[in-house]
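A.B. asks: give me a 3D structure for the following:
(one chain, ligands or ions: 1)
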Amino acid sequence: MEPILEELYEAILEGNAGLTAEKVQEALDEGITATVILNDGMISAMTEVGRLFEEGDYFVPEMLIAARAMQSGLSVLRPYLVAEDIQPAGVVALGTVKGDLHDIGKNLVAMMVEGAGFEINDLGTDVAPEAFVAAIREGATVVGLSALLTTTMPMIEKTIQAIDAAGLRDQAKIMVGGAPVTAEFAVQIGADGYAPDASQAARLAKSFIA
Ligand code: B1M
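C.D. replies: This is a model prediction of the structure:
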């Protein structure tokens, strides 16, 4: 790997947002294409962050600051990606279900999934089933439903039912997560996958398009 991409990789692992933006600009100035910068310097770093989190070497704060560094680098890179006409791996519509206002975990999932090369349509919190239906009509191929309350878990199932009733169930893969959600619950309500954390959510989204 080019030394500048190694420095970029390290800056993301360290969660240094300012340095990450600088290294992206330096790599661009050296004539490295946005695609190579994204894949070799940035997505690979976020994959490593995910691995470190799963191994228990990184915790939520480290993952958050790494994801913020990634965002800072992406903001420099975005116009160049557009110029190179890089297509995202797909659009992921993500939201916390209706009645639920928790968004820290959902935001972490958004950052990691964006880090995996997807475009995020962040629908926010307290999202009604109809908004997820509309997002699929607008082109989302993956829907991510987050719930943090046992009282809002049934809304995940209602959202899947609304997508089904709109005749769109085969147009998007549905992944679910949140502290009270389990793999068994995901199977029971007909979701396509469950992820226990943001890193595995990014892996799951990638597996949908593999
Ligand atoms: Co709330 N709250 N809260 N709260 N809150 C919990 C969830 C609770 C467990 C606290 C407790 O009692 N011990 C409890 C739920 C109990 C239950 O349902 N059994 C609870 C309650 C009761 C409530 C209120 C009802 C309190 C009240 O008003 N009486 C109320 C509800 C409001 C509402 O939503 N309608 C409420 C309000 C709030 C605040 C607004 C104050 C605040 C939220 C601020 C915000 O999000 N902007 C808040 C907070 C901060 C929490 C705790 C303390 C922390 C949640 C959090 O951010 N965790 C929480 C207790 C706890 O979890 N220890 C609690 C960190 C975050 C990174 O983890 O969200 O689990 P998490 O996300 C993980 C994974 O779950 C997964 O990946 C993430 C990263 O690894 N994941 C996904 C999440 N979404 C995913 C989606 C995926 C895949 C993976 O695919 C799509």
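A.B. asks: part of a strand, is residue 174?
C.D. replies: Yes. Assessed with DSSP: H, G, I helix; E, B strand; the rest coil, residue 174 lies in a strand.
A.B. asks: what's near enough to touch it?
C.D. replies: With contact set as Cβ atoms under 8 Å, 6 or more residues apart in numbering, residue 174 has these partners: 142, 143, 144, 145, 160, 163, 190, 191, 192, 193. Where C-beta positions appear, they are placed from N, C-alpha and C, glycine not excepted.
A.B. asks: how many neighbours does the closest residue to residue 71 other than its chain neighbours have?
C.D. replies: With Cβ to Cβ, 6 or more residues apart in numbering as the criterion, residue 71 has its nearest non-adjacent residue at 6.5 Å, and that residue is residue 111. Neighbours of residue 111 under the rule other Cβ atoms under 10 Å: 24.
A.B. asks: for residue 111, give its distance to residue 98.
C.D. replies: Using Cβ to Cβ, to the nearest Å, residue 111 is found at 23 Å from residue 98.
A.B. asks: got it, and residue 199?
C.D. replies: Distance, residue 199 to residue 98, by Cβ to Cβ: 26 Å.
A.B. asks: more neighbours: which of these two?
C.D. replies: More crowded of residue 199 and residue 98, by other Cβ under 10 Å: residue 199, with 25 against 19.
A.B. asks: got the contact list for that one?
C.D. replies: 49, 50, 51, 53, 54, 63, 112.
A.B. asks: and it, what helix or strand is that in?
C.D. replies: Here residue 199, judged by DSSP states H and E, is contained in helix 198-209.
A.B. asks: does that helix come close to the ligand?
C.D. replies: Yes. Using Cβ under 6 Å from any ligand atom, helix 198-209 reaches the ligand at 198, 201.
A.B. asks: in that helix, which residues are buried?
C.D. replies: Buried residues in helix 198-209, counted by 16 or more other Cβ atoms under 10 Å: 198, 199, 200, 201, 202, 203, 204, 205, 206, 208.
A.B. asks: hmm, the longest helix along the chain touching the ligand?
C.D. replies: Longest helix in the chain, counting residues (DSSP state H): helix 60-83. Yes. Applying Cβ under 6 Å from any ligand atom, one finds helix 60-83 in contact with the ligand at residue 60.
A.B. asks: same question, stretch 94-104
C.D. replies: Yes. Stretch 94-104 reaches the ligand (Cβ under 6 Å from any ligand atom) through 99, 100, 101, 102, 103, 104.
A.B. asks: contacts for that stretch, please.
C.D. replies: With Cβ under 8 Å, 6+ apart, stretch 94-104 has contacts from 106, 109-110, 113, 120-129, 131-132, 143-149, 151-152, 155-156, 158-159, 178.
A.B. asks: can you pull the buried residues of it?
C.D. replies: For stretch 94-104, the neighbour count (16+ other Cβ under 10 Å) marks 94, 95, 96, 97, 98, 100, 102, 103 as buried.
A.B. asks: farthest-separated two in these?
C.D. replies: Across these, no pair lies farther apart than 94 and 98, at 14.3 Å, counting by Cβ to Cβ.
A.B. asks: please parse this structure into its domains.
C.D. replies: Listed by automatic domain parsing, the domain ranges of the chain are 3-83, 91-209.
A.B. asks: mean pLDDT added to those domains, as TSV?
C.D. replies: Output for the domains of the chain, formatted as TSV (pLDDT from 0 to 100):
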stretch	mean pLDDT
domain 3-83	93
domain 91-209	96
